[in-house]
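J.: what would the 3D arrangement of this be:
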Amino acid sequence: MFSLGWGGAMKMKASKFKDPQKAFIVKQGEEGTPVAEICRKAGIL
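T.: The predicted structure is shown next:
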């Protein structure tokens, strides 16, 4: 979700995942793991 800050600048919400976690999620997707399983393992609802 985006919100307008001072001067109308767009700000993004910080990710709750650290870089190694993001890399693991992407790697699982590239290896063909079903999205539902990746989400379950990563705790994404």
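J.: can you classify Ile44 as helix, strand or coil?
T.: Under the three-state scheme (DSSP: H, G, I helix; E, B strand; the rest coil), Ile44 adopts coil.
J.: ok, it - contacts?
T.: Ile44 makes contacts with Ile38, as judged by C-beta atoms under 8 Å, 6 or more residues apart in numbering. C-beta here means a position set from N, CA and C on the backbone, and glycine is covered the same way.
J.: pLDDT at it, what is it?
T.: pLDDT, Ile44: 88.
J.: leaving out sequence neighbours, find the closest residue to Ala42.
T.: Ile25 (5.5 Å; C-beta to C-beta, 6 or more residues apart in numbering).
J.: same check, this time on Gln21
T.: Spatial nearest neighbour of Gln21, chain neighbours left out: Ala42 (7.0 Å); criterion: C-beta to C-beta, 6+ apart.
J.: I'd say that neighbour and Phe17 touch.
T.: Yes - counting by C-beta atoms under 8 Å, Ala42 touches Phe17, with 7.4 Å between them.
J.: pull up the overlap in contacts between the two.
T.: The contact sets of Ala42 and Phe17 overlap at Ile25 (C-beta under 8 Å, 6+ apart).
J.: could you pull up the residues touching Val26?
T.: Taking C-beta under 8 Å, 6+ apart as the definition, Val26 has no contacts.
J.: brain fart, Phe17
T.: Contact partners of Phe17, counting by C-beta under 8 Å, 6+ apart, are 25, 42.
J.: got any ranges where this protein has weak pLDDT?
T.: Scanning the chain for pLDDT under 70 picks out 1-9.
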